[in-house]
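> Make a model of this:
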Amino acid sequence: MAEAAVRGRAWTPELATYASRAAELGLRFAARLDPAPGQSVPTEAVRRGSVARCRDGTLAIAPEAHVLPAVASWLARNPELASRIAVTAPSEIRRALIAANSAEFADMAIRSLDRRFSQFSASTVLRPTQALALAAAAAVAALAVAADPLRAFAEVGVVATLFFLAMAAFRFAAAGAIGKGPQPTPAPERTPDRALPVYTILVPLYREATVVRSLIAALRRLDWPSDRLDIKLVLEEDDAETRVEVDRHMPGPPFEAVIVPNAAPRTKPKALAFANLFSRGEFITVYDAEDDPHPTQLREAYARFQDEPELACVQAPLVIDNPDPTWIARLFAIEYSALFDGLLPYLASKGLPLPLGGTSNHFRRSALEAIGGWDPFNVTEDADIGLRLARFGYRVGTIALPTYEEAPVHFGAWMRQRTRWFKGWMQTCLVHARHPLWLVADLGFKRTLGFVAIQLGMVVSAMLHPFFVALLVAIAADPSLIAGEEKDGVTGVLVAIGLANLFAGYGAMTALAARTLPLRGLRRIEGALAWLPLYWLLMSVAIYRAFQLLFRPHYWDKTTHFGFVPHAKLPSRRVARLRAFSRG
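Residues are numbered from 1 along each chain as shown. Here you go, the predicted model:
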């Protein structure tokens, strides 16, 4: 019966186990449930998946092995009730209860943060006072430009200097710190399997049918006992193609599919918040559809949590495994190398807020729930949740074992992804700047400066970068723009400072990349740094596109995966790199 279907459901080892228990108890086995409508069920009952009431009045149960004698004894005393009881699998009870209460659970996922901590919700983009302040700033800038464009640019450049220099300083410092001080070990002490807790893995999928098979294979390689894994493949209700593919390849426990109702906003954090209502792990991590995590990454993360009880989250490095096809993929790989192997570990070592990656961040459930979980309305939920952890007083760290993932190799895919990132970073800045004094009170002065320099600095730098480049070109063509007799010395000095910032930014990124690329065997792509000025100009295009924040604030622009690299070549290359890193 291994390949058979039972009432529309693929026959799995889990179904076989509970069918056997039904036979042992003399009860009917139901592979598929039709839940009673209108029943209000606590999320904890769904997590356990032990009992559900069906439309026909049947009570469905999923008895564990240790309770079978007690159930058999109870049935012997009440034989007339046996016809009203059926046995099924826990995953089927969870599926049925979620389906029967999807609207209620969706409302919980979407509105939970807004109800608990409305000041941190991005459901509203601009508060009235923020809109007024931004409008006033724009008006002042327009008047200044109209009066004296070059002087206005120079004065804006003074402000921009703070951000450019701060970003450059952080990158230079991170480059200098690599190889110094204690380093995280890629081989944590092995905890006996029987002592490990349940670990939840959330994998949001949307229009990802082509990667389902390789994703499941990657997750099955994880070194964690399967009876202590809780893997949720999070699917959208209207994504029929991916749902069919998941049904086809679903291996049974610890894998389960969670269907997210088709309700706005249609975002990844909404899907995560919904699925997490039913997750069972003491620790939770998120992987993307194309991810291939190092097999022992969960063990390294758990070892860090055990060693440092105050740690709320650890970020694993993301390593691009397809840096070769196009120049934009190579620069994307360089960017990830500098960020995840350089800048983030440095920020963590200094206790500064981390802009987390959207994948491979591992959380203590208690900390994640304490801060309100994911914001369904923020399209860079990773940056927001990293800052919220810091504001609630939690510490975030980094680990060494990587997750391999794919870079966008086509310009259009890269531009859509980067636009969404910038839009979310602007969202995050606006949300957390609603009450500046509260921000400083939560973070302290030093960490507030760190947030402003990194988070807001990425936004401001991208906005102003093309103006500095244009000025450089203009001065090269006509040096009298700053050196003519009619020009005052202040303007010339300010412009010179701005241009120095430009070169400092390029130099800092180059220095950091030169230190981090060899760590992952990617030195061969260093030559792509020659394209860095163009890459940063394209980022500027992305950030101006990101002003769709004003009219489509919660729109999630989907990134297509495996659009260039032959799918069949990925696993062998990833396995080879994983082995090489483990040996190193």
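
> List the buried residues for stretch 510-529?
Of all the residues in stretch 510-529, those buried under the rule 16 or more other C-beta atoms under 10 Å are 510-517, 519-520, 522, 525, 528-529. All C-beta spots, glycine's among them, are computed from the backbone N, C-alpha and C.

> oh sorry, the question was meant for stretch 91-101
91, 92, 93, 94, 95, 96, 97, 98, 100, 101.

> What of stretch 249-267?
By neighbour count on 16+ other C-beta under 10 Å, the buried set for stretch 249-267 is 249-261, 263, 265-267.

> which sections of the stretch 451-584 of the chain are below the confidence cut-off?
The stretch 451-584 of the chain contains residues with pLDDT under 70 at 481-495, 498, 559-584.

> Count the residues that sit near residue 497.
Residues lying near residue 497 (other C-beta atoms under 10 Å) number 16.

> which other helices and strands contact the helix or strand where it lies?
Using DSSP states H and E, residue 497 sits within helix 489-516. Of the remaining helices and strands, those touching helix 489-516 by 3 or more C-beta pairs under 8 Å, 6 or more residues apart in numbering; DSSP states H and E are helix 149-177, helix 327-338, helix 457-477, helix 480-483, helix 532-545.

> go again using 6 Å as the cut-off
Applying 3 or more C-beta pairs under 6 Å, 6 or more residues apart in numbering; DSSP states H and E, one finds that helix 489-516 contacts helix 149-177, helix 327-338, helix 457-477.

> okay, these, which one's buried deepest?
For the helices and strands packed on helix 489-516, the largest average neighbour count (mean count of other C-beta atoms under 10 Å) is found in helix 327-338, namely a mean of 23.

> list the helices and strands it packs on?
Here helix 327-338 touches strand 318-320, helix 489-516, going by 3+ C-beta pairs under 6 Å, 6+ apart.

> Please name whichever of the ones you listed is nearest to residue 418.
Closest of these to residue 418 is strand 318-320, at 14.7 Å (criterion: C-beta to C-beta).

> Return the set of buried residues in the helix or strand hosting residue 146.
Assessed by DSSP H and E, residue 146 sits inside helix 128-147. Residues of helix 128-147 classed as buried by neighbour count (16+ other C-beta under 10 Å): none.

> what does it rub up against?
With contact meaning C-beta atoms under 6 Å, 6 or more residues apart in numbering, helix 128-147 is reached by residue 152.

> same deal with stretch 503-523?
For stretch 503-523, contacts defined as C-beta under 6 Å, 6+ apart pick out 164, 168, 171-172, 174-175, 178, 319, 334, 337-338, 341-342, 526, 529, 532.

> Give the closest residue to residue 434 in space, chain neighbours not counted.
residue 127 (5.7 Å; C-beta to C-beta, 6 or more residues apart in numbering).

> next one: residue 296
residue 223 (4.7 Å).

> Restricting to C-alpha, output stretch 217-224 in PDB.
Extracted C-alpha coordinates of stretch 217-224, given in PDB (Å, rounded to 0.1, in the frame of the first residue of the first chain):
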ATOM      1  CA  ALA A 217      16.000  16.500   0.100                       C
ATOM      2  CA  ALA A 218      18.000  19.400   1.700                       C
ATOM      3  CA  LEU A 219      15.900  19.400   4.900                       C
ATOM      4  CA  ARG A 220      16.100  15.600   5.200                       C
ATOM      5  CA  ARG A 221      19.900  16.000   5.400                       C
ATOM      6  CA  LEU A 222      19.700  18.000   8.600                       C
ATOM      7  CA  ASP A 223      21.400  16.400  11.600                       C
ATOM      8  CA  TRP A 224      18.600  16.400  14.100                       C
END
